[in-house]
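Enquirer: this one's structure only:
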């Protein structure tokens, strides 16, 4: 289970054109970051989070110190989010746990991208959980480049 509550969803609900009157990669990033924040605020259990200029920092609410930093860019018609896990909000890029890439023009691309991100984060939370599954001696986590 992921327990991640987001703050400052300032751009959620605004259309791409309404942000500053033109279509650009920067506007798309602002829109994607806002959607990420809103998504993780509304999952069960929710996350705490804050919007940053180049991404989102999330805090897992069921862990003492588990943070995720989602760094998003738009390149070549694709939304790319690099996901980092850390035990401190001040060292955001401590451990890269993978990345998610989704074509912007894919059917339901926003939702597909969010689902991939949530899946990656849930897998990491399960991997580092404080009360490991007693049936398994070792657990692995595959980093997604």
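Expert: Right, received. Where do you want to start? Because the structure is a prediction, the values reported are computed rather than measured.
Enquirer: Only C-alpha atoms from now on, for both contacts and neighbour counts.
Expert: OK.
Enquirer: Which helix or strand contains residue 68?
Expert: Residue 68 is part of strand 67-75 when elements are defined by DSSP states H and E.
Enquirer: Name the nearest residue to residue 54, sequence neighbours excluded.
Expert: Spatially, and ignoring its direct neighbours in sequence, residue 54 is nearest to residue 71 (5.9 Å; CA to CA, 6 or more residues apart in numbering).
Enquirer: List the contacts of residue 82.
Expert: Listed by CA atoms under 8 Å, 6 or more residues apart in numbering, the contact partners of residue 82 are 70, 71, 72, 96, 98, 99, 100.
Enquirer: Most neighbours among these, please name it.
Expert: residue 70 (28 neighbours; other CA atoms under 10 Å).
Enquirer: surely that residue meets residue 52?
Expert: No: here residue 70 does not reach residue 52: they are 9.6 Å apart, not a contact under CA atoms under 8 Å.
Enquirer: The residue nearest to residue 54 contacts residue 51, correct?
Expert: No: between residue 71 and residue 51 there is no contact under CA under 8 Å: 10.5 Å.
Enquirer: Does residue 100 have any beta-bridge partners, and if so which?
Expert: residue 81 (DSSP bridges).
Enquirer: Tell me, how many residues neighbour residue 26?
Expert: That count, for residue 26 with other CA under 10 Å as the rule, works out to 13.
Enquirer: who's in contact with the nearest residue to it once chain neighbours are set aside?
Expert: The shortest distance from residue 26 to any non-neighbouring residue, by CA to CA, 6+ apart, is to residue 74 (8.0 Å). Shown in contact with residue 74 (CA under 8 Å, 6+ apart): 25, 26, 28, 29, 80.
Enquirer: Provide the secondary structure category for the fourth one.
Expert: Just to be clear, that refers to residue 29. helix (DSSP: H, G, I helix; E, B strand; the rest coil).
Enquirer: Can you name the residues that contact it?
Expert: 72, 73, 74.
Enquirer: What spatial separation is found between the closest residue to residue 101 other than its chain neighbours and residue 113?
Expert: The shortest distance from residue 101 to any non-neighbouring residue, by CA to CA, 6+ apart, is to residue 80 (4.5 Å). Residue 80 sits at a distance of 9 Å from residue 113 (criterion: CA to CA, to the nearest Å).
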